[in-house]
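Asks: quick check, what structure comes out for this input:
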Amino acid sequence: MKYLFSVLILFFLFSFTAQSQEVADTIHVSHYAIHLTKINTSKQTITGWSETTVVSKFNNLNAFSLELKALTIDSVRVNNEACLYNQSDELVSIMLHQPVNENDELNVKIWYHGKPFHESWGGFHWSGNYAFNLGVGFESIPHNLGKAWFPCVDDFTNRAKYDFYVTVDNDKKAVCGGVLQSVTAVSDSTSTWHWKLNHEIPTYLASVAVGDYVLVEDQYIGIEDTVPIGIYVRPADSSKVEGSFVNLKEILRFFETHFGPYPFGRVGYVGTSIGAMEHAGNIAYPHFAFNGNTGYESLYAHELSHMWFGDQVTCASAEQMWLNEGWASFCEMYYLDGLNQHDKFVKEMHDRQKKVLTKTHFIDDGYWALAGVPLEYTYGSTSYDKGAVAVYTLQQYLGDSLFQKAMTAYLKKFTYQSADSREMQNFLTEYTGIDMKPFFDAWVYTPGTPHFSIDSTRTKQNSSNYQVDIYLQQRYKGAEFFADNNILEIGYVKDDFTIVTDTVHFSGKLGHSVKTLSFKPLLVLLDPFEKTADATMDQYKIFKQPQEYTFRDTYFTLFIDDLGDNSFVNVTHNWVAPDSLKYPITGLRISPGRYWKVEGVFPEGMHARGQFVFSSDKYFDKDMNLSDKDSVMILYRATPADEWEYVPQYLFGMSTMGYLYVNSIKPGEYVLAALDREYLKLNHKTKQGFKLFPNPTHGKLTLVLKEKADYNIKISDSSGRVFLTSSFSGKRKTVNIQSASEGVLLVSIFKNGRFFASQKVIYSK
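Replies: Sure, this is the predicted structure:
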C-alpha cells in the first residue's frame, strides 16, 4: 500500500509539472490576502504566507497549480487541511483530497520564505533600508512578476481583490495599493500595516514598498467622489512634492473628463530607487523625479493615465501591450491640452512621430504590427511610440469630442476586465457607427506606417465658384499594404496665405476627390497641420524678407537671396520610396526610402537655394550603400509625370555624408541619387565596345572606340532636343558640351551610317 501511494505521488508530480502553461485554464483566483511577516533588508529576504480564494473552472478538479518564482514553500493547506504539493521551477502544483466542481471555492494557504527574484528592472528590489516590487520585467518572459513575492495566477487576465498585511519595524512604513485600513502594533518594535484594494486587478498591478517614508496628503474632488491623494517619499524629498505635483489635480480632472471617473480608491505615488510602474493606486515613482519642479510631469502623467489604460482595462496579453503603453504614451502628451498647452502637445506628438519613422524599426529590430508584437519587444518602441501616434491618429480620425465619448464608454464597458485590439475595434464600431476595421487594419494590424500624398490638382472656374479636382496617392512604409476609408485633412491656401481646411475620403492606392470652393486656392496641401501620423514630416513657412530657414525635421534648409514679394513655402520629407526612374540609367540609383517635396507660392523675382542633408547613417541613407566610389547628387522633377533630372548643384562633404546645395529651388520633388563611377567604367569598356568619359562631366566628353570607322555623334538633352552633332573618322573624339543644359544627356553613336550604341551621361557645370 505504501508503494502504491508513492506511485500516485510520482504520477501527480509528473502530470502537473508538465502542465504549467494551464494554470489559468483550470482555476480563477478571486481574492488574495498577502501576509509579509518579515522583510529583512540586510539579508534581502522575505518571510510570509498568503491566503488565496481559488475558484474551480471545471467539474471533478482534483489538482491545480499556482506560480511562485525563486521563493521556497514551507507548507500548503487547502480548506485547513495539509496537502501534497510539488514546487518545480516557477510552478507550485497542489493535490486536493477531494475533487471539486465548477465554481466551487477553495481556501488555499501557502507559507513561504527566501530571497525574492528581481531582474535589472522588474521583480522585488532592495535599496538600502528600502524594499519594493515592480510588477513586470522587461527581460523576463512571461513578463508578469507578481509571482516574485506571492503565489498567484500571474497573467494579464486573472483579476482579484486584495488585502495586504505587511509587518515592519516602527521606524518604517509599508505602502501598498488600495486604502489603508489600520496600523496594528505587533510588538514594541514592529507593526502590521493593513491595506485593502476592493477593485479587481491582475497580479502585476499589486504592490508593496517598505522604508522610511514621509506621507504628503491631499484630496481631489472628482466628478463622482472625493479621492484621497497619498504621496510617500523619502524625508529629504517631502518639501519637493508640491512643486513637482503642482498640476496633479488639473491633470486628474482632464483625464476624468476625457475618460471617465478615477477608477481606484486612492491616488498614490511611492518613491523607489528605480521605476516608474503603474501599480493600482500606488504608483512606483523614482526618487530623482521628486525634484521640486515639473521636469518629470509627463512621467507621472503617463503612470497616472495607466489607472484607466492598463489598470481599469488591461490588455488581454503581452502581445497587445499597446493597449496599455501606447495609450499611456499618448496621454503623457495629451494631458498638455488640459494645461492649455496645445501647441506643446502637437510638438511633442510631432517628435514622437519622427522617432517612429526614423528609429522604432531599428530599436525593435523590424517593423511590427501593434497587435501581436513579439514577446521580446513587448515593452519596446513599437508598443509605446507607434502605439501613441496610432492613438493620436484615431483621435483625429474620430474628432476629439467623439473620441472622448467613445473611450469613456469603452472603459466603462470593459471596466476591471481585460480586452484585446479586436474588442476595442468592435466596440468603437458599434458605439460610433463607423466601421473601424479599415482603420485598425492600417494602424494596428499591419506593420509600418501609411503614407499619403497629393499627386496633382486641377482647378477650374464654374460661374462664381471653383472646382478643385484632387488626385491622391497612397504608399506604405514597412509593408505592402493600402489602407481603406482614409479620412485626411486638406488645406487650401488663400490669397492672404491663410489656410481653409476640409477633409477627403479615399481608399486604396489612388483616390480622386472633387471640391467646390468660393475662391481659387493658391495651393492645395495635404494634412498641413499634421493630424494624421503618416510617413511624412512637413512644415510650412510664410516669408516676407530674404532669409535662411531650416524646415523642421525635413533635413532641408532654404536660402532666400531675393524675394520680390511675400512667399509661402511648404516642405515635406517623405519617408517612403519615391517613384523610380522612367528610363533607368546604368550605374545610377536613387534613394529607396525617402524624398522631398517643395510646394509654394514663388513670386516673380524670387531666387532661393536649397541645402539637402544626406548620410550613410542607418537612420538616413544606409540602404543606398554610399561609398567613395559614388558621385552623389540631387535629382529633381517638377511633377510626378516628369522624369527625374539633374539640376545645378554642388557638394559640401564626402560621398557618404554631407550637404548637397541646389543652386535654384523650384516647386517640385527632389531625391538623393548616387552614380557608381567604377560600374560605369567597367560597363563602358566591355559591353558596348567603347569608352565615354568622364561621367559625370563638367564640359568635355571623350569617346574612345575599338576600331577605326566613320562615326557620327548626336547629343540630346532630357527633353529630346539635339543640341550637338559631330562626325569623325578614326577611334577617338573629344567634344565640348558646355552649351548644353545641366542634367542627363543622351549620347548616340552611329557607325558607317547605322546606329551603333548610346550612353547616358550626367553633365554638371
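
Asks: in the sheet, who's paired with L651?
Replies: Taking DSSP bridges as the rule, L651 bridges to L660.

Asks: got a pLDDT number for it?
Replies: On the pLDDT scale, L651 is placed at 89.

Asks: residues contacting Y296?
Replies: S244, A289 (Cβ atoms under 8 Å, 6 or more residues apart in numbering). C-beta: built from backbone N, CA, C; applies to glycine.

Asks: any idea how far it lies from F290?
Replies: Separation of Y296 from F290 (Cβ to Cβ, to the nearest Å): 8 Å.

Asks: sec struct for T429, please.
Replies: T429 carries the three-state label helix when classified by DSSP: H, G, I helix; E, B strand; the rest coil.

Asks: hmm, back to that, what touches both of Y296 and F290?
Replies: Common neighbours of Y296 and F290 (Cβ under 8 Å, 6+ apart) are S244.

Asks: low-confidence regions, the stretch 101-250 of the chain specifically.
Replies: By pLDDT under 70, the stretch 101-250 of the chain has no low-scoring segment.

Asks: longest strand in this protein, by number of residues?
Replies: Looking across the chain with DSSP state E, the single longest strand is strand 700-716.

Asks: list the helices and strands that strand packs on?
Replies: If you count contacts as 3 or more Cβ pairs under 8 Å, 6 or more residues apart in numbering; DSSP states H and E, strand 700-716 packs onto strand 690-693, strand 722-736, strand 743-751.

Asks: looking at those, which is closest to K249?
Replies: strand 743-751 (63.6 Å; Cβ to Cβ).

Asks: ok, and what's touching that closest one?
Replies: By Cβ under 8 Å, 6+ apart, strand 743-751 touches 585, 643, 645-647, 690, 692, 701, 703, 709-718, 737, 755-763.

Asks: ok now that strand, how far from the chain's centre?
Replies: Counting by Cα atoms, centre = their mean, to the nearest Å, strand 743-751 is centred 49 Å from the centre of its parent chain.

Asks: likewise stretch 525-533?
Replies: That offset, for stretch 525-533, works out to 18 Å (Cα atoms, centre = their mean).

Asks: check stretch 560-578 too.
Replies: 28 Å.

Asks: just the CA trace of it, in CSV.
Replies: Taking Å, rounded to 0.1, in the frame of the first residue of the first chain, the C-alpha atoms of stretch 560-578 are listed here in CSV:
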residue,chain,number,x,y,z
ILE,A,560,16.3,83.0,-50.0
ASP,A,561,18.5,85.5,-51.7
ASP,A,562,15.8,87.6,-53.4
LEU,A,563,12.1,87.6,-52.6
GLY,A,564,10.3,90.0,-54.8
ASP,A,565,7.0,89.6,-52.8
ASN,A,566,5.8,87.6,-49.9
SER,A,567,6.2,83.8,-50.4
PHE,A,568,4.5,80.7,-48.9
VAL,A,569,6.7,77.6,-48.9
ASN,A,570,5.7,74.1,-47.7
VAL,A,571,8.4,71.4,-47.5
THR,A,572,7.6,67.7,-46.9
HIS,A,573,10.1,65.0,-46.2
ASN,A,574,8.6,61.7,-47.3
TRP,A,575,9.8,58.5,-45.6
VAL,A,576,8.9,56.2,-48.4
ALA,A,577,10.4,55.2,-51.7
PRO,A,578,10.0,57.7,-54.5
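
Asks: among the helices and strands packed on strand 700-716, which is nearest F403?
Replies: Across the helices and strands packed on strand 700-716, F403 has its closest neighbour in strand 743-751 (49.3 Å, Cβ to Cβ).

Asks: tell me the angle of that closest one relative to strand 722-736?
Replies: In terms of direction (axes from the mean of the first three to the mean of the last three Cα atoms, to 10 degrees), strand 743-751 departs from strand 722-736 by 80 degrees.

Asks: how deep is D628 tucked in, by neighbour count?
Replies: Burial of D628 is recorded as 8 neighbouring residues (other Cβ atoms under 10 Å).

Asks: please renumber so the chain begins at 13
Replies: Got it, the first residue is 13 from now on, which makes the last one we talked about D640.

Asks: per-residue confidence at the residue lying closest to it once chain neighbours are set aside?
Replies: The shortest distance from D640 to any non-neighbouring residue, by Cβ to Cβ, 6 or more residues apart in numbering, is to S667 (5.2 Å). pLDDT, S667: 89.

Asks: cool, and F28?
Replies: Reported pLDDT for F28: 44.

Asks: can you check Y658 too?
Replies: So, for Y658, pLDDT stands at 86.

Asks: against H585, how distant is it?
Replies: With Cβ to Cβ as the criterion, Y658 and H585 are 21 Å apart.

Asks: same question for R649.
Replies: R649 sits 16 Å away from H585, taking Cβ to Cβ as the criterion.

Asks: with W608 instead?
Replies: 6 Å.
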